[in-house]
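Trainee: test case, fold it:
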Amino acid sequence: MCKHVGFKPSIMVHLPSDGMSKFQMEFHLPFFAIRKCPQPEGSHKKRSIHSMRKWTDVSLTDGESSMSGGQEVYRIHETQVSCVVYGHDEWQWTACAFIDNAHESGDLYDPGELHDGDGKDGEAVVGQKVDGFDEDPIATGLHVSKPIWRPRQYFAKALEVNIKEVSQEWQELIHKMECDIIAYKQSHTFRYCSTSQNSSEPSEEIKRSFNWTIERMQQLGTFINVLSGTLHQWNAFVSLDGGDIDYFSDLQHPLPSKSPESPENRAAGRSLRAIKKTFGTLQNLLQKIELLRDDLSRDFKTLTLRLSLEGRDANNHASFTSTFLIWVLYPITLAASIFSMQASVIPFGLTPFWFLITIFILLGVMCVIYWFMKKWPSWQNEFAVWRKKRQHLGEEEEREYGQSILNIFRSRASGDEESLGARAISGTRDTG
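Mentor: Residues are numbered from 1 along each chain as shown. Prediction:
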């Protein structure tokens with residue numbers, strides 16, 4: 001139950017090594033089911049009222065759609081099928097299952113199933129026959145008049161039926177996603193055309209494509225995680241190194257035809273072979289999803305480069321505009337403001353010749369200021385290097401001066417020792 005609630009995959013057989021003899025076989029198959037959205041919703045991602053599963057509304061492009069723009073709104077449901085078969089021997093066992101069907105009826109209830117409160121004034125309807133009970137509710141297609149009495153054979157049949165339905169849901173979902181991606185690329189060829197680099201393609205369109213690519217990559221990544229988890233469980237189940245498939249090994253070898261178990265064993269063997277084939281199909285679907293995501297990853301890098309180029313072009317345009325304003329319009333505007341002053345405060349005549357001279361003087365002053373501003377950082381660095389050199393030379397001089405003083409003291413000490421030794425020798429001679 002916890003695995004079903006947690007949307008976790010599992011295929012395993014549990015045989016306790018102690019206590020009462022019992023067995024438990026289970027499979028949990030999470031997947032995504034895609035259906036047309038019944039009506040537009042205000043929220044992009046919601047949780048059903050009765051279901052624990054979430055669903056997501058997406059707009060997919062379908063080449064066969066007759067709607068405007070060729071898009072339809074689909075709802076992608078989180079769905080899981082879980083089944084557990086447990087018991088003590090081949091004649092005392094129970095099978096139970098949890099099946100999400102909100103994607104089929106919009107709720108967890110089957111359309112033909114009756115529940116408490118479905119009658120008049122909220123009373124339960126009793127004694128009425130409910131349709132749809134002529135077949136096994138877990139192993140769909142298995143008629144109740146021809147039951148499977150053995151637990152392993154029943155588990156194999158249930159897994160065969162449900163994994164086939166899960167595979168069909170995955171195929172439908174991936175087909176829709178692939179058609180959407182192909183159609184979108186065909187209608188947005190500017191990302192791949194090298195001649196469109198100099199076109200006036202609106203940046204908003206590139207941003208929308210960028211966001212669309214991220215959204216599709218995230219969705220495909222979610223699908224890959226769920227499907228790869230299921231395949232990982234299956235690979236562990238059929239592993240030659242202690243896989244639980246050994247529990248069914250005798251079912252793949254036919255018994256003598258006169259044995260009462262022979263027909264069921266042959267049917268179980270066919271079920272196991274069909275299961276392996278279906279999981280092979282799922283493995284191919286996983287590879288297709290990974291290829292689609294890798295393709296979108298390359299498109300993501302292309303769009304990222306396009307956006308960076310758009311940003312660089314915008315910065316270059318802004319830089320050109322500011323340069324034009326500073327070096328062309330600003331001197332003319334400043335000269336015009338000077339010439340609009342009173343003639344008594346201007347030391348030259350208000351003539352067109354002096355107006356041009358004033359403009360060139362202002363340009364020269366601006367060039368000098370710009371030159372100083374450009375050189376100032378290098379001057380600062382040179383000054384800092386000079387200070388470090390001076391500091392280093394000062395430290396070297398201090399060390400050399402200290403070393404010289406130390407050498408002088410050492411030489412004096414050695415001279416004193418020599419003089420004392422000479423006096424001691426002379427004193428010895430005198431005594432002798």
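Trainee: H88 is in what secondary structure piece?
Mentor: H88 belongs to strand 71-89 when elements are defined using DSSP states H and E.
Trainee: what about the strands in the chain?
Mentor: Remark: strands assigned in the chain by DSSP state E are 10-14, 23-36, 45-47, 54-61, 71-89, 92-99.
Trainee: hang on, the earlier thing: centre of the chain to the strand holding H88, how far?
Mentor: Distance, stretch centre to chain centre, for strand 71-89: 24 Å (Cα atoms, centre = their mean, to the nearest Å).
Trainee: got the angle between it and strand 92-99?
Mentor: For the pair strand 71-89 and strand 92-99, the angle between their directions (axes from the mean of the first three to the mean of the last three Cα atoms, to 10 degrees) equals 170 degrees.
Trainee: between strand 71-89 and strand 54-61, how many degrees?
Mentor: If you take the same axes, to 10 degrees, strand 71-89 sits at 140 degrees to strand 54-61.
Trainee: parallel or antiparallel, list what pairs with strand 71-89.
Mentor: Each strand that strand 71-89 pairs with, and the sense of that pairing, follows from DSSP bridges: strand 23-36 (antiparallel), strand 54-61 (antiparallel), strand 92-99 (antiparallel).
Trainee: okay, now the unreliable bits of the stretch 301-432 of the chain?
Mentor: Per-residue confidence of the stretch 301-432 of the chain (counting by pLDDT under 70) places the weak regions at 307, 309-317, 319-320, 324, 342-345, 412-432.
Trainee: the helices in it, which residues?
Mentor: Assigned by DSSP state H, counting those that start in this stretch, the helices in the stretch 301-432 of the chain fall at 330-339, 352-431.
Trainee: how about the helices in the stretch 51-200 of the chain?
Mentor: 102-105, 151-187.
Trainee: neighbours around W91, how many?
Mentor: When counting by other Cβ atoms under 10 Å, one arrives at 9 neighbours for W91. C-beta here means a position set from N, CA and C on the backbone, and glycine is covered the same way.
Trainee: quick check: it vs P151, distance?
Mentor: According to Cβ to Cβ, to the nearest Å, W91 stands 9 Å off from P151.
Trainee: again with F355
Mentor: As for F355, its distance to P151 is 105 Å (criterion: Cβ to Cβ).
Trainee: those two - which one has more neighbours?
Mentor: Here F355 and P151 are set side by side on neighbour count (other Cβ under 10 Å), and the busier one is P151, at 21 against 16.
Trainee: list the residues that contact the more buried one.
Mentor: F23, M25, V85, G87, E90, W93, A95 (Cβ atoms under 8 Å, 6 or more residues apart in numbering).
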